[in-house]
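A.B. asks: Give me coordinates for this.
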Amino acid sequence: MPAREMRMEMFLRALMRRDFNKAKSHLEKLKKMVGDDEWGRGYSKAINGFISALKDNDSDALIVQLVKEVDHEKAEQLLEHFEGILKHEFRDEYEKGYYTAWVELLKAYLSQKTLGVKRGKRGADEKA
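C.D. replies: Okay, here's the model as predicted:
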């Protein structure tokens, strides 16, 4: 697996755990990998949006919907749609970078064996 796709998987896992500090660390490494050309700026815009939407708990955002309620069918439909967009010849490099980030995130999402957020034994099991 290419390094960027592996880093995207780590980024996704951190997002799923709502570990925004770790996600931000992976985001910075992804940004370095993609560079600062038009394609890289589009990719970076998408991954920044993933974190922002989850931090803000924006229920209209696709990433929030996918994290809150695991939906492989919806993810597969989105993946097919975004891969189709990438095939359009008229798309500029910024758009290609943006949709590539979505494609990589969705592939990472679909490759996870368990997408449920694992929580520690705190709360009801913890005695004060």
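
A.B. asks: Let me see the residues that make contact with stretch 93-107.
C.D. replies: Stretch 93-107 is contacted by residues 4-5, 8, 11-12, 34, 37-47, 50, 63, 75, 78-79, 82-83, 85-86, 91 when judged by Cβ atoms under 8 Å, 6 or more residues apart in numbering. Backbone N, C-alpha and C define where each C-beta goes, glycine included.

A.B. asks: Where does the most centrally placed residue in the chain fall, secondary structure wise?
C.D. replies: Residue closest to the mean C-alpha point of the chain, counted by Cα atoms, centre = their mean, is Leu105 at 4.2 Å. In this structure, Leu105 sits in helix 93-111 according to DSSP states H and E.

A.B. asks: Name the residues of that helix that are buried.
C.D. replies: Going by neighbour count (16 or more other Cβ atoms under 10 Å), the buried part of helix 93-111 is 94-109.

A.B. asks: between those, which is nearest Asp71?
C.D. replies: Set against Asp71, the nearest of the buried residues of helix 93-111 by Cβ to Cβ is Tyr109 (9.6 Å).

A.B. asks: Name the nearest residue to Ala101, sequence neighbours excluded.
C.D. replies: Leaving aside its sequence neighbours, Ala101 sits nearest to Ala46 (Cβ to Cβ, 6 or more residues apart in numbering; 3.5 Å).

A.B. asks: Great, nothing more from me.
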